[in-house]
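Engineer: Provide a 3D model corresponding to the input given below.
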Amino acid sequence: MQILIPEAARPRVSASLASMAADIDVITLCADRRCRRAGAPLDDAQVDPEVFWFSLDLLRATEGPLMFERILNGEKGRWLQTFSAGLDNPVFKRVMEKGVRISKSSAQAPAIAEYVMSHALSLLHPIAAGRQAQAAHEWAPIPFREIASTHWLMVGFGSIGSEIARRLQPFNAPLTVVRRRVAPEPLAADVRPTADLTALLPAADVVILACALTDETRGIAGPEFFGALKPGALLINIGRGDLVDEAALRAGLDADRPGLAVLDVFQTEPLPQAAWFWDHPKVRLTSHCAGAGDGVPSRGDRLFLENFRRYLSGQALLHEAHPSEVGL
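Structural biologist: Numbers count the residues shown, from 1 in each chain. This next block holds a predicted model:
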């Protein structure tokens, strides 16, 4: 069985792959856009993998697009493990239409959950007010609202959402989840259908957008969303920029709906220097790096190896994508 992986990942996983089966033919995709076997260059005719690993090593690498070329032009491709949690790039739809199964990544979920909780806690607690009092040498006790008295609302509940919910639990703050599939969820106080979102917004102190970008969710945070939002609420978007109508968000911020916004994703990335977000006093932004935790690469390696083991044995793959999640 021929598999194609980034050359940068080979030292980390080659021993584990060799231990799984004797007939695994590991081909590596190198920075010069050539494919190699044990360091020896291969002709295109020699490369037609069954399995592909688009690891985090290829995120900004020049050889990344070649991986998809190999998938789309090959004949034997059957499964792709990607580092991405979201599959809104149209290329994933083409891959699935070719009959190639796709597994998403959960490796970044713990890092993104830490990002969400860190920003939320730092904004819910009056840390800035305390710092100002210190700078002014003022002995000014500052009361605050406890996290347990806040109500959280999360749109979407995949691997990222569940990691956020786990970290919220010790604070005893109620969490309502909005998603397509309504079923009891031990980590949430309530699970409601997407159609109920507008009705739930007036009670939410923290609203997290953690859903995939689909035709249904594009612009889900639009004028109606912000009109229903509780004044002073905190909005956090770690999903995709196109979940938010950015003009409606700006108008909402001016009306204190939301009172603050934490944004890691935008409709245009990199964010243009002239974009209004940079200097807005109610916006805290980061450069699509909520998942840049130092534990992500090793978790990605372990996920690929576990899913490859499952693939070889015919077991269900972890985080396998449904066609409804793929492409736009």
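Engineer: so for stretch 200-210, what gets flagged as buried?
Structural biologist: Leu200, Leu201, Ala204, Asp205, Val206, Val207, Ile208, Leu209, Ala210 (16 or more other CB atoms under 10 Å). C-beta: built from backbone N, CA, C; applies to glycine.
Engineer: just the strands in this structure please.
Structural biologist: Applying DSSP state E to the chain gives strands spanning 2-6, 25-29, 35-37, 40-41, 51-54, 79-82, 101-103, 152-155, 175-178, 190-192, 206-209, 234-237, 260-263, 283-285.
Engineer: give the rounded mean pLDDT of the third one.
Structural biologist: The predicted model assigns strand 35-37 a mean pLDDT of 96.
Engineer: parallel or antiparallel, list what pairs with that strand.
Structural biologist: Take DSSP bridges as the rule and strand 35-37 pairs in its sheet with strand 25-29 (antiparallel), strand 40-41 (antiparallel).
Engineer: deepest in the core, which of these is it.
Structural biologist: Most buried of these by mean neighbour count (mean count of other CB atoms under 10 Å) is strand 25-29; its value is a mean of 21.
Engineer: what's the residue nearest in space to the middle of the chain in contact with, if anything?
Structural biologist: In the chain, the centroid-proximal residue (CA atoms, centre = their mean) is Ala85; its distance is 4.8 Å. Contact partners of Ala85, counting by CB atoms under 8 Å, 6 or more residues apart in numbering, are Lys104, Ser105, Ser106, Gln108, Ala109, Gly158, Ser159, Ile160, Gly291.
Engineer: picking that back up, switch the buried residues of stretch 200-210 over to TSV; also include distance to Ala135 and pLDDT.
Structural biologist: As requested, those are arranged in TSV below (distance: CB to CB, whole Å; pLDDT from 0 to 100):
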residue	distance to Ala135	pLDDT
Leu200	39	98
Leu201	36	98
Ala204	33	98
Asp205	28	98
Val206	28	98
Val207	31	98
Ile208	31	98
Leu209	34	98
Ala210	35	98
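Engineer: between those, which is closest to Asn307?
Structural biologist: Using CB to CB, Ala210 comes nearest to Asn307 of the buried residues of stretch 200-210, at 22.4 Å.
Engineer: hmm, the closest one is touching Gly161, no?
Structural biologist: Yes. With contact defined as CB atoms under 8 Å, Ala210 and Gly161 form a contacting pair (4.5 Å).
Engineer: what touches both of those two?
Structural biologist: Met154.
Engineer: now the helices for this protein?
Structural biologist: 10-20, 64-73, 90-97, 109-124, 127-135, 159-168, 197-200, 223-228, 246-254, 296-313 (DSSP state H).
Engineer: deepest of the ones you listed, which one?
Structural biologist: Of the helices of the chain, the one with the most neighbours on average (mean count of other CB under 10 Å) is helix 159-168, at a mean of 22.
Engineer: dump stretch 102-122 to CSV, keeping only the CA atoms.
Structural biologist: This file holds the C-alpha atoms of stretch 102-122, laid out as CSV (Å, rounded to 0.1, in the frame of the first residue of the first chain):
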residue,chain,number,x,y,z
ILE,A,102,-11.7,12.6,4.3
SER,A,103,-10.9,12.7,8.0
LYS,A,104,-10.8,16.0,9.8
SER,A,105,-8.4,16.9,12.6
SER,A,106,-9.2,17.3,16.3
ALA,A,107,-5.6,18.1,17.1
GLN,A,108,-6.1,21.8,17.4
ALA,A,109,-9.2,21.6,19.5
PRO,A,110,-7.5,21.8,23.0
ALA,A,111,-5.5,24.8,21.9
ILE,A,112,-8.5,26.6,20.5
ALA,A,113,-10.5,25.8,23.7
GLU,A,114,-7.7,27.4,25.8
TYR,A,115,-7.7,30.4,23.5
VAL,A,116,-11.5,30.8,24.0
MET,A,117,-11.4,30.4,27.8
SER,A,118,-8.3,32.7,28.2
HIS,A,119,-9.9,35.5,26.3
ALA,A,120,-13.3,35.1,27.8
LEU,A,121,-12.1,35.1,31.4
SER,A,122,-9.8,38.0,30.9
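Engineer: among the helices of the chain, which is nearest Ser149?
Structural biologist: Ser149 sits nearest to helix 109-124 of all the helices of the chain, at 10.1 Å, using CB to CB.
Engineer: fine by me, we can end here.
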